[in-house]
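Peer 1: 3D model of this:
(2 chains)
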Number of protein chains: 2
Amino acid sequence: MNERLIFLTNDDGYASRGMEAMIRIARKFGHVIVVAPETPQSGMSHAFTMLSPLFIRKVRDDANVEIYALSGTPVDCVKAAFDHLLSGRKVDLVLSGINHGANSAVALLYSGTMGAAIEGSFYGCPAIGLSLTDHADDADFSAAEIWGERIVRSILEKQAETPLCLNVNIPAGPLETIRGIRICRQAQGLWREHFVCRQDPRGRDYLWLTGEFANGETEAEDTDEWALAHGYVSVQPVHADQTDYRRFDEMRSIFADEPL
Amino acid sequence: MNERLIFLTNDDGYASRGMEAMIRIARKFGHVIVVAPETPQSGMSHAFTMLSPLFIRKVRDDANVEIYALSGTPVDCVKAAFDHLLSGRKVDLVLSGINHGANSAVALLYSGTMGAAIEGSFYGCPAIGLSLTDHADDADFSAAEIWGERIVRSILEKQAETPLCLNVNIPAGPLETIRGIRICRQAQGLWREHFVCRQDPRGRDYLWLTGEFANGETEAEDTDEWALAHGYVSVQPVHADQTDYRRFDEMRSIFADEPL
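Peer 2: Presented below is the predicted three-dimensional model:
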(Lines give C-alpha, C1' and ligand atoms only; values in the text may rest on other atoms or scores of the structure.)
Protein backbone atom coordinates (compact mmCIF):
# COMPACT_ATOMS: atom_id res chain seq x y z
CA MET A 1 0.00 0.00 0.00
CA ASN A 2 1.28 3.43 -0.86
CA GLU A 3 1.99 5.61 2.11
CA ARG A 4 -0.36 8.54 2.52
CA LEU A 5 0.93 12.08 1.92
CA ILE A 6 -0.22 14.58 4.53
CA PHE A 7 0.33 18.31 3.93
CA LEU A 8 0.59 20.61 6.94
CA THR A 9 0.57 24.35 7.40
CA ASN A 10 -0.51 26.87 10.04
CA ASP A 11 -0.57 30.57 10.79
CA ASP A 12 1.61 30.65 13.89
CA GLY A 13 4.81 29.83 12.01
CA TYR A 14 6.65 26.63 11.15
CA ALA A 15 8.35 26.37 14.57
CA SER A 16 5.27 26.84 16.77
CA ARG A 17 4.34 24.31 19.45
CA GLY A 18 0.98 23.83 17.72
CA MET A 19 2.83 22.71 14.59
CA GLU A 20 4.91 20.26 16.62
CA ALA A 21 1.70 18.75 17.95
CA MET A 22 0.20 18.59 14.45
CA ILE A 23 3.29 16.84 13.10
CA ARG A 24 2.96 14.21 15.84
CA ILE A 25 -0.65 13.61 14.77
CA ALA A 26 0.13 13.51 11.07
CA ARG A 27 3.09 11.18 11.40
CA LYS A 28 0.72 8.41 12.50
CA PHE A 29 -1.02 8.54 9.12
CA GLY A 30 1.67 9.03 6.51
CA HIS A 31 4.56 11.00 5.07
CA VAL A 32 4.44 14.62 6.24
CA ILE A 33 5.31 17.73 4.23
CA VAL A 34 5.09 21.06 6.01
CA VAL A 35 5.14 24.41 4.25
CA ALA A 36 4.43 27.01 6.90
CA PRO A 37 5.08 30.72 7.41
CA GLU A 38 8.50 31.95 8.58
CA THR A 39 6.76 34.34 10.99
CA PRO A 40 3.41 34.46 12.81
CA GLN A 41 0.52 35.26 10.44
CA SER A 42 -2.45 35.40 12.77
CA GLY A 43 -5.41 37.32 11.39
CA MET A 44 -4.22 36.92 7.78
CA SER A 45 -7.47 35.28 6.68
CA HIS A 46 -7.41 34.23 3.03
CA ALA A 47 -4.76 36.83 2.12
CA PHE A 48 -2.15 35.95 -0.46
CA THR A 49 0.92 37.74 -1.78
CA MET A 50 0.49 39.22 -5.21
CA LEU A 51 2.93 42.11 -5.33
CA SER A 52 6.14 40.72 -3.89
CA PRO A 53 8.31 37.59 -4.20
CA LEU A 54 8.26 34.71 -1.73
CA PHE A 55 11.35 33.05 -0.32
CA ILE A 56 11.22 29.39 0.60
CA ARG A 57 13.85 27.43 2.50
CA LYS A 58 14.11 23.84 3.66
CA VAL A 59 14.26 23.67 7.44
CA ARG A 60 14.28 19.91 7.99
CA ASP A 61 14.37 16.83 5.79
CA ASP A 62 13.98 13.66 7.80
CA ALA A 63 12.86 10.34 6.35
CA ASN A 64 9.22 11.04 7.11
CA VAL A 65 8.96 14.75 7.76
CA GLU A 66 10.01 17.56 5.43
CA ILE A 67 9.63 21.13 6.68
CA TYR A 68 9.83 24.28 4.55
CA ALA A 69 9.49 27.86 5.79
CA LEU A 70 7.94 30.41 3.43
CA SER A 71 8.08 34.20 3.69
CA GLY A 72 4.34 34.53 3.05
CA THR A 73 0.83 34.01 4.34
CA PRO A 74 -0.80 30.67 5.19
CA VAL A 75 -2.64 30.70 1.84
CA ASP A 76 0.67 31.40 0.07
CA CYS A 77 2.04 28.28 1.76
CA VAL A 78 -0.76 26.15 0.33
CA LYS A 79 -0.39 27.60 -3.16
CA ALA A 80 3.41 27.26 -3.09
CA ALA A 81 3.06 23.64 -1.96
CA PHE A 82 0.40 22.48 -4.42
CA ASP A 83 1.32 24.58 -7.45
CA HIS A 84 5.10 24.42 -7.09
CA LEU A 85 6.75 22.13 -4.55
CA LEU A 86 4.53 19.04 -4.84
CA SER A 87 4.18 19.43 -8.61
CA GLY A 88 1.07 17.30 -8.95
CA ARG A 89 1.70 14.63 -6.29
CA LYS A 90 -1.53 13.37 -4.78
CA VAL A 91 -2.16 14.76 -1.29
CA ASP A 92 -4.43 12.70 0.98
CA LEU A 93 -5.13 15.32 3.62
CA VAL A 94 -4.46 18.98 4.41
CA LEU A 95 -4.06 19.88 8.09
CA SER A 96 -3.78 23.46 9.31
CA GLY A 97 -2.84 24.30 12.90
CA ILE A 98 -2.96 23.41 15.68
CA ASN A 99 -3.76 27.07 16.19
CA HIS A 100 -2.98 28.83 19.45
CA GLY A 101 -6.48 30.27 20.03
CA ALA A 102 -10.05 29.55 18.96
CA ASN A 103 -11.30 30.04 15.41
CA SER A 104 -14.99 29.77 16.18
CA ALA A 105 -17.85 32.04 15.07
CA VAL A 106 -16.77 35.02 12.93
CA ALA A 107 -13.11 34.36 13.78
CA LEU A 108 -13.34 31.84 10.92
CA LEU A 109 -13.23 34.77 8.50
CA TYR A 110 -10.16 36.40 10.05
CA SER A 111 -8.30 33.16 10.61
CA GLY A 112 -5.14 32.35 8.71
CA THR A 113 -5.47 28.77 9.93
CA MET A 114 -8.85 28.42 8.26
CA GLY A 115 -7.81 30.47 5.22
CA ALA A 116 -5.17 27.80 4.60
CA ALA A 117 -7.54 24.90 5.27
CA ILE A 118 -10.14 26.27 2.83
CA GLU A 119 -7.43 26.94 0.24
CA GLY A 120 -6.25 23.35 0.68
CA SER A 121 -9.75 22.06 0.06
CA PHE A 122 -9.72 23.81 -3.34
CA TYR A 123 -7.15 21.23 -4.45
CA GLY A 124 -9.59 18.37 -4.12
CA CYS A 125 -8.46 16.80 -0.86
CA PRO A 126 -10.06 16.80 2.58
CA ALA A 127 -8.85 19.65 4.76
CA ILE A 128 -9.06 20.22 8.49
CA GLY A 129 -8.24 23.35 10.46
CA LEU A 130 -7.55 22.53 14.12
CA SER A 131 -7.57 25.18 16.84
CA LEU A 132 -7.19 25.07 20.60
CA THR A 133 -9.07 27.66 22.65
CA ASP A 134 -5.90 28.82 24.40
CA HIS A 135 -3.72 31.64 23.05
CA ALA A 136 -0.83 31.04 25.42
CA ASP A 137 2.58 30.19 23.98
CA ASP A 138 2.84 27.43 26.58
CA ALA A 139 -0.69 26.10 25.99
CA ASP A 140 -1.18 22.40 26.77
CA PHE A 141 -1.84 20.66 23.43
CA SER A 142 -2.08 17.12 24.84
CA ALA A 143 -5.90 16.81 24.77
CA ALA A 144 -6.08 18.60 21.41
CA GLU A 145 -3.58 16.11 20.03
CA ILE A 146 -5.68 13.13 21.11
CA TRP A 147 -8.93 14.59 19.74
CA GLY A 148 -7.18 15.80 16.61
CA GLU A 149 -5.93 12.29 15.94
CA ARG A 150 -9.43 10.81 16.39
CA ILE A 151 -10.91 13.31 13.94
CA VAL A 152 -8.16 12.79 11.37
CA ARG A 153 -8.64 9.01 11.60
CA SER A 154 -12.40 9.32 11.07
CA ILE A 155 -11.93 11.54 8.02
CA LEU A 156 -9.26 9.33 6.46
CA GLU A 157 -11.06 6.05 7.12
CA LYS A 158 -14.64 7.07 6.33
CA GLN A 159 -14.13 8.82 3.02
CA ALA A 160 -16.85 11.33 2.25
CA GLU A 161 -18.38 11.46 -1.24
CA THR A 162 -16.59 14.71 -1.94
CA PRO A 163 -13.73 16.03 0.21
CA LEU A 164 -14.81 17.73 3.41
CA CYS A 165 -13.38 20.97 4.78
CA LEU A 166 -13.72 21.16 8.56
CA ASN A 167 -13.22 23.89 11.13
CA VAL A 168 -12.42 22.04 14.36
CA ASN A 169 -12.07 23.83 17.68
CA ILE A 170 -10.96 22.01 20.81
CA PRO A 171 -11.64 23.35 24.29
CA ALA A 172 -8.62 24.09 26.48
CA GLY A 173 -8.22 21.87 29.50
CA PRO A 174 -7.33 18.32 30.46
CA LEU A 175 -8.62 15.38 28.41
CA GLU A 176 -11.16 14.23 30.97
CA THR A 177 -13.03 17.56 30.80
CA ILE A 178 -13.85 17.14 27.08
CA ARG A 179 -17.30 15.62 26.69
CA GLY A 180 -17.33 14.70 23.00
CA ILE A 181 -17.89 16.15 19.53
CA ARG A 182 -20.67 18.42 18.32
CA ILE A 183 -21.39 19.10 14.64
CA CYS A 184 -21.92 22.87 14.62
CA ARG A 185 -22.68 25.95 12.65
CA GLN A 186 -20.68 29.10 13.34
CA ALA A 187 -22.28 31.33 15.97
CA GLN A 188 -23.40 34.77 14.89
CA GLY A 189 -21.66 37.46 16.81
CA LEU A 190 -19.29 40.33 16.50
CA TRP A 191 -15.72 41.02 17.27
CA ARG A 192 -15.73 44.43 18.88
CA GLU A 193 -12.51 46.36 18.85
CA HIS A 194 -11.13 49.25 20.70
CA PHE A 195 -7.89 50.91 19.82
CA VAL A 196 -5.07 51.80 22.14
CA CYS A 197 -3.99 55.28 20.94
CA ARG A 198 -0.48 56.47 21.75
CA GLN A 199 2.38 58.47 20.32
CA ASP A 200 5.51 56.87 18.95
CA PRO A 201 9.00 58.15 19.93
CA ARG A 202 8.82 60.67 17.07
CA GLY A 203 5.48 62.09 18.16
CA ARG A 204 3.33 60.36 15.55
CA ASP A 205 -0.08 59.12 16.68
CA TYR A 206 -0.65 55.42 16.27
CA LEU A 207 -3.52 53.01 16.81
CA TRP A 208 -3.12 49.49 18.11
CA LEU A 209 -6.04 47.17 17.80
CA THR A 210 -7.40 45.09 20.63
CA GLY A 211 -10.86 43.63 21.12
CA GLU A 212 -13.11 40.85 22.21
CA PHE A 213 -15.79 38.61 20.74
CA ALA A 214 -19.39 39.11 21.73
CA ASN A 215 -21.53 36.06 21.05
CA GLY A 216 -24.81 37.27 19.57
CA GLU A 217 -26.76 34.09 20.31
CA THR A 218 -25.68 32.64 23.64
CA GLU A 219 -28.81 30.45 23.93
CA ALA A 220 -28.55 28.61 20.61
CA GLU A 221 -27.29 25.07 21.22
CA ASP A 222 -26.26 24.27 17.64
CA THR A 223 -23.35 26.74 17.48
CA ASP A 224 -19.62 26.28 17.89
CA GLU A 225 -19.57 28.81 20.72
CA TRP A 226 -22.14 26.80 22.67
CA ALA A 227 -20.25 23.56 22.10
CA LEU A 228 -16.95 25.04 23.29
CA ALA A 229 -18.55 26.70 26.32
CA HIS A 230 -20.02 23.33 27.31
CA GLY A 231 -16.86 21.25 26.97
CA TYR A 232 -17.38 19.83 23.46
CA VAL A 233 -15.09 19.77 20.44
CA SER A 234 -16.86 21.82 17.73
CA VAL A 235 -16.72 20.45 14.19
CA GLN A 236 -18.08 22.75 11.47
CA PRO A 237 -18.28 21.70 7.82
CA VAL A 238 -17.15 24.74 5.82
CA HIS A 239 -17.48 25.83 2.21
CA ALA A 240 -16.36 28.78 0.14
CA ASP A 241 -19.80 29.93 -0.99
CA GLN A 242 -20.76 33.10 0.87
CA THR A 243 -23.92 33.72 -1.16
CA ASP A 244 -26.87 34.51 1.10
CA TYR A 245 -29.56 32.62 -0.83
CA ARG A 246 -32.29 33.59 1.63
CA ARG A 247 -32.19 37.14 0.32
CA PHE A 248 -32.71 36.52 -3.39
CA ASP A 249 -36.43 37.36 -3.38
CA GLU A 250 -35.83 40.57 -1.48
CA MET A 251 -33.09 41.50 -3.95
CA ARG A 252 -35.37 40.98 -6.93
CA SER A 253 -37.89 43.29 -5.31
CA ILE A 254 -35.30 45.98 -4.57
CA PHE A 255 -34.05 45.94 -8.15
CA ALA A 256 -37.49 45.47 -9.73
CA ASP A 257 -37.15 48.66 -11.77
CA GLU A 258 -33.88 47.61 -13.37
CA PRO A 259 -33.57 45.43 -16.46
CA LEU A 260 -33.05 41.95 -15.01
CA MET B 1 -33.49 66.15 7.21
CA ASN B 2 -30.13 65.00 8.47
CA GLU B 3 -27.58 64.46 5.79
CA ARG B 4 -26.58 60.85 5.25
CA LEU B 5 -23.11 59.66 6.28
CA ILE B 6 -21.42 57.42 3.72
CA PHE B 7 -18.25 55.55 4.67
CA LEU B 8 -15.83 54.57 1.90
CA THR B 9 -12.83 52.33 1.71
CA ASN B 10 -11.10 50.14 -0.87
CA ASP B 11 -8.10 47.88 -1.36
CA ASP B 12 -6.28 49.78 -4.11
CA GLY B 13 -5.30 52.68 -1.84
CA TYR B 14 -6.88 56.02 -0.97
CA ALA B 15 -5.57 57.76 -4.11
CA SER B 16 -6.70 55.21 -6.70
CA ARG B 17 -8.88 56.17 -9.64
CA GLY B 18 -11.50 53.70 -8.48
CA MET B 19 -11.74 55.60 -5.20
CA GLU B 20 -12.14 58.88 -7.08
CA ALA B 21 -15.08 57.36 -8.96
CA MET B 22 -16.58 56.01 -5.73
CA ILE B 23 -16.33 59.43 -4.07
CA ARG B 24 -18.22 60.97 -7.01
CA ILE B 25 -20.99 58.40 -6.53
CA ALA B 26 -21.13 58.80 -2.75
CA ARG B 27 -21.17 62.61 -2.83
CA LYS B 28 -24.61 62.49 -4.44
CA PHE B 29 -26.03 60.78 -1.36
CA GLY B 30 -24.43 62.44 1.65
CA HIS B 31 -21.35 63.41 3.62
CA VAL B 32 -18.39 61.22 2.71
CA ILE B 33 -15.71 59.88 5.04
CA VAL B 34 -12.95 57.80 3.48
CA VAL B 35 -10.51 55.67 5.47
CA ALA B 36 -8.50 53.72 2.94
CA PRO B 37 -5.10 52.04 2.79
CA GLU B 38 -1.93 54.07 2.21
CA THR B 39 -0.73 51.43 -0.25
CA PRO B 40 -2.36 48.81 -2.51
CA GLN B 41 -3.78 45.89 -0.54
CA SER B 42 -5.11 43.60 -3.25
CA GLY B 43 -5.53 40.00 -2.16
CA MET B 44 -5.66 40.93 1.53
CA SER B 45 -9.04 39.27 2.05
CA HIS B 46 -10.37 39.71 5.59
CA ALA B 47 -6.88 40.17 7.05
CA PHE B 48 -6.39 42.59 9.92
CA THR B 49 -3.33 43.82 11.77
CA MET B 50 -2.90 42.36 15.21
CA LEU B 51 0.81 42.52 15.89
CA SER B 52 1.84 46.01 14.83
CA PRO B 53 0.59 49.60 15.21
CA LEU B 54 -1.36 51.48 12.55
CA PHE B 55 -0.64 55.04 11.49
CA ILE B 56 -3.48 57.23 10.29
CA ARG B 57 -3.21 60.64 8.64
CA LYS B 58 -5.74 63.09 7.28
CA VAL B 59 -5.23 63.59 3.56
CA ARG B 60 -8.13 65.91 2.75
CA ASP B 61 -10.81 67.70 4.73
CA ASP B 62 -13.28 69.47 2.46
CA ALA B 63 -16.78 70.49 3.49
CA ASN B 64 -18.26 67.23 2.26
CA VAL B 65 -15.38 64.81 1.85
CA GLU B 66 -12.87 63.77 4.50
CA ILE B 67 -10.10 61.39 3.48
CA TYR B 68 -7.80 59.50 5.83
CA ALA B 69 -4.99 57.16 4.81
CA LEU B 70 -4.22 54.21 7.11
CA SER B 71 -1.09 52.04 7.13
CA GLY B 72 -3.15 48.84 7.26
CA THR B 73 -5.46 46.45 5.45
CA PRO B 74 -8.96 47.25 4.13
CA VAL B 75 -10.50 45.52 7.18
CA ASP B 76 -8.23 47.61 9.45
CA CYS B 77 -9.66 50.71 7.75
CA VAL B 78 -13.22 49.68 8.61
CA LYS B 79 -12.34 48.85 12.22
CA ALA B 80 -10.34 52.07 12.67
CA ALA B 81 -13.25 54.07 11.24
CA PHE B 82 -16.09 52.49 13.20
CA ASP B 83 -14.33 51.72 16.48
CA HIS B 84 -12.16 54.85 16.65
CA LEU B 85 -12.62 57.72 14.22
CA LEU B 86 -16.42 57.81 13.95
CA SER B 87 -16.86 57.03 17.67
CA GLY B 88 -20.43 55.83 17.42
CA ARG B 89 -21.79 58.15 14.68
CA LYS B 90 -24.50 56.47 12.63
CA VAL B 91 -23.28 55.38 9.21
CA ASP B 92 -25.93 54.98 6.49
CA LEU B 93 -23.90 53.02 3.99
CA VAL B 94 -20.49 51.40 3.55
CA LEU B 95 -19.02 51.42 0.05
CA SER B 96 -15.84 49.56 -0.86
CA GLY B 97 -14.12 50.04 -4.21
CA ILE B 98 -14.47 50.69 -7.04
CA ASN B 99 -11.98 47.85 -7.40
CA HIS B 100 -9.64 47.63 -10.37
CA GLY B 101 -10.49 44.03 -11.34
CA ALA B 102 -13.36 41.57 -10.85
CA ASN B 103 -14.22 40.03 -7.49
CA SER B 104 -16.51 37.33 -8.79
CA ALA B 105 -16.55 33.59 -7.93
CA VAL B 106 -13.86 32.50 -5.47
CA ALA B 107 -12.10 35.87 -5.82
CA LEU B 108 -14.64 37.02 -3.22
CA LEU B 109 -12.60 35.15 -0.60
CA TYR B 110 -9.28 36.70 -1.58
CA SER B 111 -10.65 40.18 -2.10
CA GLY B 112 -9.69 43.05 0.18
CA THR B 113 -12.55 45.03 -1.34
CA MET B 114 -15.07 42.44 -0.20
CA GLY B 115 -13.28 41.83 3.10
CA ALA B 116 -13.92 45.49 3.90
CA ALA B 117 -17.53 45.40 2.69
CA ILE B 118 -18.33 42.36 4.83
CA GLU B 119 -16.55 43.90 7.81
CA GLY B 120 -18.63 47.06 7.30
CA SER B 121 -21.83 45.03 7.31
CA PHE B 122 -20.91 43.74 10.81
CA TYR B 123 -21.57 47.27 12.08
CA GLY B 124 -25.25 47.10 11.19
CA CYS B 125 -25.35 49.17 8.02
CA PRO B 126 -25.80 48.16 4.41
CA ALA B 127 -22.52 47.53 2.62
CA ILE B 128 -21.65 47.28 -1.05
CA GLY B 129 -18.40 46.18 -2.64
CA LEU B 130 -18.11 47.46 -6.22
CA SER B 131 -15.63 46.04 -8.71
CA LEU B 132 -14.95 46.66 -12.38
CA THR B 133 -13.74 43.75 -14.50
CA ASP B 134 -10.68 45.68 -15.69
CA HIS B 135 -7.36 45.58 -13.84
CA ALA B 136 -5.75 48.41 -15.80
CA ASP B 137 -4.61 51.52 -13.94
CA ASP B 138 -6.27 53.60 -16.67
CA ALA B 139 -9.51 51.57 -16.71
CA ASP B 140 -12.62 53.48 -17.79
CA PHE B 141 -14.85 53.79 -14.74
CA SER B 142 -17.60 55.83 -16.40
CA ALA B 143 -20.12 53.00 -16.91
CA ALA B 144 -19.30 51.53 -13.49
CA GLU B 145 -19.99 54.93 -11.95
CA ILE B 146 -23.43 55.13 -13.53
CA TRP B 147 -24.41 51.60 -12.54
CA GLY B 148 -22.86 52.01 -9.10
CA GLU B 149 -24.99 55.09 -8.52
CA ARG B 150 -28.17 53.25 -9.56
CA ILE B 151 -27.43 50.40 -7.19
CA VAL B 152 -26.59 52.71 -4.30
CA ARG B 153 -29.82 54.63 -4.87
CA SER B 154 -31.89 51.44 -4.85
CA ILE B 155 -30.28 50.24 -1.62
CA LEU B 156 -30.68 53.59 0.15
CA GLU B 157 -34.25 54.21 -1.00
CA LYS B 158 -35.68 50.70 -0.66
CA GLN B 159 -34.47 49.81 2.82
CA ALA B 160 -34.21 46.07 3.36
CA GLU B 161 -35.51 44.54 6.59
CA THR B 162 -31.98 43.95 7.77
CA PRO B 163 -28.93 45.55 6.16
CA LEU B 164 -27.76 43.88 2.98
CA CYS B 165 -24.17 43.14 2.06
CA LEU B 166 -23.65 43.02 -1.71
CA ASN B 167 -20.85 41.95 -3.98
CA VAL B 168 -21.37 43.93 -7.19
CA ASN B 169 -19.25 43.35 -10.29
CA ILE B 170 -19.58 45.56 -13.35
CA PRO B 171 -18.42 44.45 -16.79
CA ALA B 172 -15.74 46.55 -18.45
CA GLY B 173 -16.83 48.42 -21.54
CA PRO B 174 -18.96 51.35 -22.61
CA LEU B 175 -22.33 51.98 -20.97
CA GLU B 176 -24.41 50.84 -23.95
CA THR B 177 -22.91 47.35 -23.81
CA ILE B 178 -24.26 46.66 -20.29
CA ARG B 179 -27.55 44.82 -20.52
CA GLY B 180 -28.84 45.10 -16.95
CA ILE B 181 -28.53 43.56 -13.50
CA ARG B 182 -28.55 39.87 -12.53
CA ILE B 183 -28.98 38.62 -8.96
CA CYS B 184 -26.31 35.93 -8.74
CA ARG B 185 -24.62 33.32 -6.68
CA GLN B 186 -20.83 33.02 -6.85
CA ALA B 187 -19.62 30.58 -9.51
CA GLN B 188 -17.72 27.54 -8.35
CA GLY B 189 -14.29 27.43 -9.80
CA LEU B 190 -10.65 27.55 -8.95
CA TRP B 191 -7.88 30.02 -9.14
CA ARG B 192 -4.94 28.06 -10.50
CA GLU B 193 -1.51 29.44 -9.89
CA HIS B 194 1.84 28.90 -11.31
CA PHE B 195 4.97 30.41 -9.87
CA VAL B 196 7.69 32.26 -11.68
CA CYS B 197 10.89 30.94 -10.10
CA ARG B 198 14.04 33.05 -10.31
CA GLN B 199 17.12 33.98 -8.34
CA ASP B 200 17.52 37.34 -6.66
CA PRO B 201 20.75 39.39 -7.05
CA ARG B 202 22.21 37.51 -4.05
CA GLY B 203 21.50 34.08 -5.51
CA ARG B 204 18.49 33.25 -3.36
CA ASP B 205 15.64 31.38 -5.05
CA TYR B 206 12.32 33.16 -5.00
CA LEU B 207 8.80 32.37 -6.13
CA TRP B 208 6.44 34.92 -7.61
CA LEU B 209 2.81 33.99 -7.87
CA THR B 210 0.74 34.39 -11.00
CA GLY B 211 -2.37 32.56 -12.08
CA GLU B 212 -5.76 32.54 -13.68
CA PHE B 213 -9.33 31.67 -12.77
CA ALA B 214 -10.93 28.56 -14.22
CA ASN B 215 -14.72 28.68 -14.08
CA GLY B 216 -15.93 25.25 -13.00
CA GLU B 217 -19.49 25.66 -14.25
CA THR B 218 -19.53 27.65 -17.46
CA GLU B 219 -23.06 26.52 -18.37
CA ALA B 220 -24.86 27.61 -15.18
CA GLU B 221 -26.81 30.81 -15.87
CA ASP B 222 -27.34 31.86 -12.24
CA THR B 223 -23.68 32.63 -11.49
CA ASP B 224 -21.77 35.91 -11.39
CA GLU B 225 -19.34 34.59 -13.99
CA TRP B 226 -22.18 33.92 -16.44
CA ALA B 227 -23.69 37.35 -15.83
CA LEU B 228 -20.39 39.15 -16.43
CA ALA B 229 -19.59 37.08 -19.53
CA HIS B 230 -22.99 38.05 -20.95
CA GLY B 231 -22.81 41.77 -20.31
CA TYR B 232 -24.74 41.98 -17.04
CA VAL B 233 -23.87 43.62 -13.74
CA SER B 234 -23.69 40.77 -11.16
CA VAL B 235 -25.20 41.47 -7.75
CA GLN B 236 -24.58 38.81 -5.10
CA PRO B 237 -26.04 39.03 -1.59
CA VAL B 238 -23.27 37.94 0.77
CA HIS B 239 -23.12 36.76 4.36
CA ALA B 240 -20.41 35.72 6.78
CA ASP B 241 -21.69 32.22 7.48
CA GLN B 242 -19.48 29.67 5.73
CA THR B 243 -21.16 26.65 7.34
CA ASP B 244 -21.97 24.00 4.74
CA TYR B 245 -25.33 22.87 6.13
CA ARG B 246 -25.84 20.30 3.38
CA ARG B 247 -23.16 18.13 4.93
CA PHE B 248 -24.49 17.84 8.47
CA ASP B 249 -26.04 14.38 8.00
CA GLU B 250 -22.87 13.05 6.42
CA MET B 251 -20.84 14.48 9.33
CA ARG B 252 -23.03 12.78 11.89
CA SER B 253 -22.48 9.50 10.10
CA ILE B 254 -18.69 9.97 9.92
CA PHE B 255 -18.49 10.71 13.63
CA ALA B 256 -21.13 8.17 14.66
CA ASP B 257 -18.69 6.36 16.95
CA GLU B 258 -17.81 9.48 18.91
CA PRO B 259 -19.79 10.79 21.87
CA LEU B 260 -22.01 13.46 20.28
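
Peer 1: close to chain B, is the longest helix seen in chain A?
Peer 2: If you go by DSSP state H, chain A has its longest helix at helix A:142-157. Yes: looking at helix A:142-157 against chain B by C-beta under 8 Å from any C-beta of the partner chain, the contacts come from A:150, A:151, A:154, A:155. In short, each C-beta sits where N, CA and C put it, glycine included.

Peer 1: for the last one, what are its contacts?
Peer 2: Meaning residue A:155. Applying C-beta atoms under 8 Å, 6 or more residues apart in numbering or on different chains to residue A:155 gives the contacts A:93, A:126, A:128, A:164, A:166, B:254.

Peer 1: how far away is the fourth one from residue B:32?
Peer 2: Summarising the geometry, the distance separating residue A:164 from residue B:32, computed by C-beta to C-beta, to the nearest Å, is 45 Å.

Peer 1: helices of the stretch 1-150 of chain A, start to end?
Peer 2: According to DSSP state H, counting those that start in this stretch, the stretch 1-150 of chain A carries its helices in the segments A:17-27, A:74-80, A:107-110, A:112-121, A:142-157.

Peer 1: same deal with the stretch 151-260 of chain A?
Peer 2: Using DSSP H, counting those that start in this stretch, helices in the stretch 151-260 of chain A cover A:224-229, A:248-254.

Peer 1: hang on, residue A:86 packs against residue A:35?
Peer 2: No: between residue A:86 and residue A:35 there is no contact under C-beta atoms under 8 Å: 9.0 Å.

Peer 1: give the residues shared as contacts by these two.
Peer 2: Joint contacts of residue A:86 and residue A:35 (C-beta under 8 Å, 6+ apart) are residue A:7.

Peer 1: of those two, who's got more company?
Peer 2: residue A:35 (27 against 16; other C-beta atoms under 10 Å in any protein chain shown).

Peer 1: pick out the residue of the stretch 51-200 of chain A closest to chain B.
Peer 2: residue A:180 (3.1 Å; C-beta to the nearest C-beta).

Peer 1: got the angle for the longest helix of chain A vs helix A:17-27?
Peer 2: 40 degrees (axes from the mean of the first three to the mean of the last three C-alpha atoms, to 10 degrees).

Peer 1: hmm, residue A:30 is touching residue A:5, no?
Peer 2: Yes: counting by C-beta under 8 Å, residue A:30 touches residue A:5, with 5.9 Å between them.

Peer 1: what residues does the stretch 1-150 of chain A have near chain B?
Peer 2: Counting by C-beta under 8 Å from any C-beta, the stretch 1-150 of chain A sits next to chain B at A:40, A:42-51, A:53-56, A:73, A:75-76, A:79-80, A:83-84, A:106, A:108-110, A:112, A:115, A:118, A:122, A:150.

Peer 1: list the contacts for residue A:6?
Peer 2: A:26, A:29, A:30, A:31, A:32, A:33, A:91, A:92, A:93, A:94, A:95.

Peer 1: where does the stretch 1-150 of chain A have low pLDDT?
Peer 2: Per-residue confidence for the stretch 1-150 of chain A (pLDDT under 70) gives these ranges: A:1.

Peer 1: run the last query once more with 90
Peer 2: A:1-2, A:51, A:63, A:87-88, A:136-138 (pLDDT under 90).

Peer 1: was I right about residue A:38 contacting residue A:68?
Peer 2: No: in this structure, residue A:38 is not within contact of residue A:68 by C-beta under 8 Å, at 9.9 Å.

Peer 1: measure the nearest residue to residue A:30 once chain neighbours are set aside to residue A:144 for me?
Peer 2: Of all residues not flanking residue A:30 in the chain, residue A:4 sits nearest, at 3.0 Å (C-beta to C-beta, 6 or more residues apart in numbering or on different chains). Distance, residue A:4 to residue A:144, by C-beta to C-beta: 21 Å.
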